[in-house]
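Peer 1: Any chance you could fold what I've pasted below:
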Amino acid sequence: MKTDRHFYYLCVIPIFKEMKKLYIFLSMMFGLFFVSCFEEEVDEPWEEQLSEEEQLAELAKKQGVSVTGRVGEYTYVDLGLSVMWATYNVGASLPIDDGDLFAWGETSPKTVFTNGNYKLTNVAGVVNKYYGNDNQKVLVPQDDVATQRWGEAWRMPTSAEMIELRQGCEWTLVENFNDSGVDGMLGKSRKNGNVIFLPTAGWGDEEGRGARSNGYYWSSSVSLKNDGEAWYTCFGTSYIGLCEYALGRSNGLSIRPVHPKEVEE
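Peer 2: A predicted model of the protein is given here:
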């Protein structure tokens, strides 16, 4: 019996040990295969499961406005105008987001806006670019925050394009847009019925961002009356409809980019 028991330990037990190792190995491989399959199913982007038209429809549903195309990761709406308009502000990811505020011609956001910290001035604090006889009346790409942050396909709108936007849409002041708690102007194209939303994101001065009862958006155009100022469009509870004025360039306003229709997507 002692010999049989010894034979058992020598022959049978090692087999059990090897089978146990094999079982553990197969379990691990099955587990990895299962996790891999699950991750592939979960991580597959929803865009790949939809056609381009369906993708845009989903984005429009998510954003609550018309979405007719994309350039890179940024979406736009075709309002039947000379340019395509972005569906949200620079620094935002949805139309209801404020986004960042920028001094005119600066490409980095700030929280406080003064003549002293405005970058397009000389050491004496005097505006020294797009000023006087330099013959620059519209921002060049290096000073255009939309181009610098979103890519060369995008830029800030000119004052003429902002006037076209104002005249090309029917505007309604909307409170609590889509139950978001955000107020703003909803524009409906007179040509194709597509809609765009501009939130009342406020503006920035030496005291920081002001009350969000109004919205202020820079154009890329210098004021022809005073080149220390630039054209902007505004709206809010005190004036319904888009208005155009000139404002000191050191103030912080929102940016809504555009891209030319000839840009390939």
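
Peer 1: and residue 141, what are its phi and psi?
Peer 2: Reported as degrees, to the nearest 10, the phi and psi values for residue 141 are phi -50, psi -40.

Peer 1: One more: residue 177?
Peer 2: Recorded main-chain torsions at residue 177 are phi -60, psi 120, according to degrees, to the nearest 10.

Peer 1: oh, and call the first residue 14 from now on, that's how I've got it
Peer 2: Sure thing, new numbering starts at 14, so read that last one as residue 190.

Peer 1: where does the stretch 64-213 of the chain dip in pLDDT?
Peer 2: 136 (pLDDT under 70).

Peer 1: Near the nearest residue to residue 85 once chain neighbours are set aside, how many other residues are there?
Peer 2: Nearest residue to residue 85 in three dimensions, chain neighbours excluded: residue 164, at 5.7 Å (Cβ to Cβ, 6 or more residues apart in numbering). Heads up, the C-betas are built off the backbone N, CA and C, glycines and all. The criterion is other Cβ atoms under 10 Å. On that basis, residue 164 has 16 neighbouring residues.

Peer 1: Now the terminal residues of stretch 190-210, how far apart.
Peer 2: Across stretch 190-210, the straight-line distance between its terminal residues is 9 Å, by Cα to Cα, to the nearest Å.

Peer 1: typo on my end, stretch 80-93
Peer 2: Taking Cα to Cα, the span from the opening residue of stretch 80-93 to its closing residue is 13 Å.

Peer 1: For that stretch, buried residues please.
Peer 2: Residues 80-82, 84, 87-92 are the ones in stretch 80-93 that count as buried (16 or more other Cβ atoms under 10 Å).

Peer 1: Packing partners of the helix or strand containing residue 179?
Peer 2: Assigning secondary structure by DSSP states H and E places residue 179 in helix 172-181. Taking 3 or more Cβ pairs under 8 Å, 6 or more residues apart in numbering; DSSP states H and E as contact, the helices and strands that helix 172-181 lies on are strand 227-235, strand 242-249, strand 252-261.

Peer 1: Spell out the residue ranges of the helices in the stretch 64-213 of the chain.
Peer 2: 65-76, 158-163, 172-181 (DSSP state H, counting those that start in this stretch).

Peer 1: need those helices in a markdown table with mean neighbour count, can you?
Peer 2: Compiled in a markdown table, the helices of the stretch 64-213 of the chain are given as follows (neighbours: other Cβ atoms under 10 Å):
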| stretch | mean neighbour count |
| --- | --- |
| helix 65-76 | 14 |
| helix 158-163 | 22 |
| helix 172-181 | 18 |
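
Peer 1: As CSV, those helices with distance to residue 200 would be great.
Peer 2: Converted to CSV, the helices of the stretch 64-213 of the chain look like this (distance: least, Cβ to Cβ, whole Å):
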stretch, distance to residue 200
helix 65-76, 14
helix 158-163, 19
helix 172-181, 7
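
Peer 1: Thanks a lot, see you next time.
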